[in-house]
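[1] Here is a sequence together with a model predicted from it:
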Amino acid sequence: MVRPTYMRSVKIQLFLISIVTMGSLGAAIAFAIRSFSEWAIVGISLGAGALVGLVTVALLPALDETKPEESREPREDAPRNHTPLPESVVVQHGIAEVLSKMSDKFAACQGDLERKSRDFDFLVDFSKMMTTTPSEGKLLPFVLEKIAYHVGAKSASFLLLDKRSKELVARAVTGSAGGLARGECVPTDEGIYAQVLGSKRTVIQRRGVRSRALARIATPGDPEDVVGVPLQVDNRMLGILMVEGKKDGTGFTHGESEFLGYLANGTAMVLRYASLQEELTKIFLSIVRALVQAVDARDRYTRNHSTRVSEYSMALGRALKFDPDEQDRMLFGSLLHDIGKLGIPDHILNKPGKLTDEEFEVIKSHTVRGSEILGHLETRLPWNILPLVRSHHERWDGTGYPDRLQGASIDRQARVVAIADVFDAITSDRVYRPGMPLDQAIMEIRRGVGHHFDPNLVPVATSLLETEYKRVAESIGLG
C-alpha cells in the first residue's frame with residue numbers, strides 16, 4: 001500500500017503540474033491568437049488546469065483501491081532475486097511518461113498555431129498588396145517574391161496564357177525557376193503544365209513518382225518537389241503559379257499547396273480586374289481623343305494643340321519619374337486641358353486680330369468652364385483631373401488665373417502642363433505672328449523661372465524639349 005503521506009504529496013504534485021501545464025498552453029494560444037485578450041486566455045487555462053488537477057486528485061484513491069492486490073505480487077517467471085521498484089518510483093515514472101507525451105502534443109499544437117498565425121498575417125499583407133499594387137508589371141514580381149519567401153521555396157514563376165498564341169509565357173520569375181527567363185514561352189501540352197491546365201486543379205509533382213494518384217499520397221520529403229497552381233477566375237484559366245523546391249529540404253505538404261491555392265485565386269482576381277481596367281482605359285482614351293479633336297477643330301489656329309501639349313507633358317512626366325497612375329492622370333488631363341473652349345463663342349475663339357480686354361477675359365474663362373464640364377463626370381472619371389484642367393494657367397508667383405494660386409499650392413501636374421502649353425503656343429504660327437524658333441522658345445521658358453514656372457521643373461523641361469520638339473514635328477506636325 002502507498003503511504004497516506006506520500007499519496008498526499010503525489011496529489012499536490014499532480015495538482016500543481018495540471019495548473020502549470022494548462023497555464024503554459026493558454027500562454028501559447030494567447031501568443032498565437034493576438035486578436036483575443038492574452039490574460040483572459042491564460043486565466044481560463046489556469047482555471048481549466050485547476051479543474052483537471054482536482055479531478056485527477058479525486059480519482060487517484062479510487063484507482064489505487066480498485067487495483068487487485070495480487071497484481072502487486074511479482075510474477076512467477078520473474079527472477080526471484082529481482083527487487084521490485086518502490087511503488088512511489090513507479091508512480092513517478094508513470095507521471096513523467098504522461099507529462100512527456102502531453103508536452104510533445106502541446107509543442108506540436110503550439111507549432112501549428114504559430115504557423116497558422118504566420119499564414120494569417122501573410123494573408124492580411126497579401127490583401128493589402130492586391131489593392132495597392134494593381135498593375136500586372138508591378139504586382140506579379142512583388143507577389144512572387146513574397147510567396148517564395150513565405151513558403152521557403154527555392155524558385156517560383158508566374159506563367160500567363162497568351163491570348164493569341166495560347167502558350168504559357170513567363171511574366172515573373174524568382175530564383176532559378178527551372179531555368180526559365182522572363183518572357184520565355186513553355187508548351188502547354190507537356191508535363192505538369194498540361195496536368196494543371198487539363199484538370200484546373202493544384203498538382204504536386206514528386207521526383208520519381210510518376211502516378212498522379214500516388215503523388216497525392218506520397219510523403220513530402222524531396223527538396224525538388226514542384227507545385228503547379230492554376231490561376232483562374234470564373235472557371236477561366238489565366239495561367240499557372242509554379243513553386244519549386246524547399247530550401248529546408250523537406251518538400252511541400254498538401255497544407256502548403258492549399259495555401260498556395262488561396263494566394264493564386266487572389267492573384268487571378270486582381271489580374272482579371274487589371275485586364276478589365278486596361279480595356280476600359282483604352283476605350284475611355286479613344287473617346288477622349290475624339291472629343292479633343294472636336295475641341296481643336298473649333299479653333300483653326302490651335303489644331304492638334306492639345307495632342308502636342310499632351311506629348312510634351314508625358315515626356316516631362318516620364319523624365320520626372322511619375323508613377324503609372326500619375327502618368328495616366330497626366331495623359332487625360334493634358335489632352336482635356338482646353339475642353340472649356342467648347343463654351344467660348346466662335347467669333348472670339350477664331351478672331352484673326354488682337355483680342356480686346358473683354359474678349360481676353362472670355363478666353364480666360366475656359367479654365368473654369370472646363371472644370372465645370374468635367375465636374376459633371378467627376379465621380380465617374382478614373383482620375384481627378386479637375387485641378388489640372390482648372391489650374392494650367394496659374395503662375396508660380398501667384399499672378400495667374402483663375403484662382404491666383406501660388407507656388408506648391410498649384411497642382412504639380414498642372415505646373416508641368418503649363419510649361420508644355422506655353423512652349424507649344426510660342427512655337428506655333430498665328431495670323432498675327434510667326435512661331436518662335438526653337439532656341440528662342442527654350443530661352444523664353446528659362447526666363448519664366450520663378451515667376452511663371454516652377455523653378456524645379458524648368459531645368460528638366462529645357463533639357464528634353466529640343467528632342468521632343470523634333471519628334472513631335474515629325475509625328476504630329478507643328479501648329
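    All right, it came through fine.
[2] Distance of Val295 relative to Gly333?
    Computed as C-beta to C-beta, to the nearest Å, the Val295 to Gly333 distance reads 14 Å. Backbone N, C-alpha and C define where each C-beta goes, glycine included.
[3] Mind checking which of the two has more residues around it?
    Gly333 (26 against 21; other C-beta atoms under 10 Å).
[4] That one sits in which helix or strand?
    helix 324-335 (DSSP states H and E).
[5] Val417 now?
    helix 412-427.
[6] before we move on, the earlier item: quick one: mean pLDDT for the helix or strand following the helix holding Gly333?
    Using DSSP H and E, the next helix or strand after helix 324-335 towards the C-terminus is helix 346-349. Across helix 346-349, pLDDT averages out at 85.
[7] Walk me through the domains of this structure.
    Domain ranges of the chain: 4-65+86-115, 133-274, 299-475, per automatic domain parsing.
[8] ok, of those, where does mean pLDDT dip lowest?
    domain 4-65+86-115 (a mean of 59).
[9] which residues touch the helix or strand following the helix holding Val417?
    Using DSSP H and E, the helix or strand that follows helix 412-427 in sequence is helix 438-447. In this structure, residues lying in contact with helix 438-447 by C-beta atoms under 8 Å, 6 or more residues apart in numbering are 419, 422-423, 426-427, 436, 453, 458, 461-462, 465-466, 469.
[10] now do stretch 281-299
    With C-beta under 8 Å, 6+ apart as the test, stretch 281-299 has contacts from 302-307, 328, 331-332, 335-336, 338-339, 341-342, 346, 349-350, 382.
[11] And the helix holding Gly333, what does it pack against?
    If you count contacts as 3 or more C-beta pairs under 8 Å, 6 or more residues apart in numbering; DSSP states H and E, helix 324-335 packs onto helix 254-298, helix 305-319, helix 386-391, helix 412-427.
[12] Next, format the ones you listed as JSON lines and append distance to Lys163.
    Formatted as JSON lines, those follow (distance: least, C-beta to C-beta, whole Å):
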{"stretch": "helix 254-298", "distance to Lys163": "10"}
{"stretch": "helix 305-319", "distance to Lys163": "27"}
{"stretch": "helix 386-391", "distance to Lys163": "34"}
{"stretch": "helix 412-427", "distance to Lys163": "33"}
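[13] Of those, give the one that comes closest to Arg171.
    Evaluated over these, closeness to Arg171 peaks at helix 254-298, with 9.4 Å, by C-beta to C-beta.
[14] Between helix 324-335 and the closest one, find me the angle.
    Helix 254-298 and helix 324-335 are oriented at 10 degrees to each other (axes from the mean of the first three to the mean of the last three C-alpha atoms, to 10 degrees).
[15] Pretty sure Val472 sits in a helix.
    Yes. Looking at Val472 with DSSP: H, G, I helix; E, B strand; the rest coil, it is inside a helix.
[16] Kindly indicate whether Ile240 is helix, strand or coil.
    Following three-state DSSP, the label given to Ile240 is strand.
[17] Check the secondary structure at Phe142 for me.
    Put simply, Phe142 is helix when judged by three-state DSSP.
[18] I'd like the distance between it and Arg318.
    Using C-beta to C-beta, we find Phe142 at a distance of 22 Å from Arg318.
[19] how far away is the closest residue in space to Ala194 that isn't next to it in sequence from Leu238?
    Nearest residue to Ala194 in three dimensions, chain neighbours excluded: Thr188, at 6.4 Å (C-beta to C-beta, 6 or more residues apart in numbering). According to C-beta to C-beta, Thr188 stands 13 Å off from Leu238.
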